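Colleague: kindly return the folded structure for what I paste below:
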Amino acid sequence: MDPSATLLLLERVLPDRPEVEAAPGYTRDLTMLVVSPGGRERTQAEFQKLVESAGFEFTGVKRSGGPLDIVEARKS
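Modeller: Numbers count the residues shown, from 1 in each chain. Model (predicted):
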């Protein structure tokens, strides 16, 4: 990956605190746990920790207005 490249992940980002509006995300989270051991939906803080553990600098989440958000990171 070129040092100036940006990593974009299209993911459902759960809110830090449970919200009724995020119910589909929690349902999908349970499905992922059953289908794929260790698979789960994540909050912004969890995505930040994940990308930083992979050697990236977390630069934020952009809401798309749809079911998926854009998690953005750069190579650090």
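Colleague: tell me which stretches of the chain form helices.
Modeller: Secondary structure of the chain (DSSP state H): helices at 23-35, 44-53.
Colleague: tell me the most buried of these?
Modeller: helix 44-53 (a mean of 15; mean count of other CB atoms under 10 Å). Placement of C-beta: from N, CA and C, glycine included.
Colleague: run through who's touching the lowest-mean-pLDDT helix or strand in the chain.
Modeller: For the chain, using mean pLDDT, DSSP states H and E, the weakest element among its helices and strands is helix 23-35, scoring a mean of 78. Here helix 23-35 makes contact (CB atoms under 8 Å, 6 or more residues apart in numbering) with 12, 14, 18, 39, 40, 41, 67.
Colleague: partners of residue 42 in the sheet?
Modeller: residue 13 (DSSP bridges).
Colleague: that one against residue 50, yeah?
Modeller: Yes. Contact criterion CB atoms under 8 Å: residue 42 and residue 50 qualify, at 6.9 Å.
Colleague: and residue 64, what does it touch?
Modeller: Contacts of residue 64 (CB under 8 Å, 6+ apart): residue 70.
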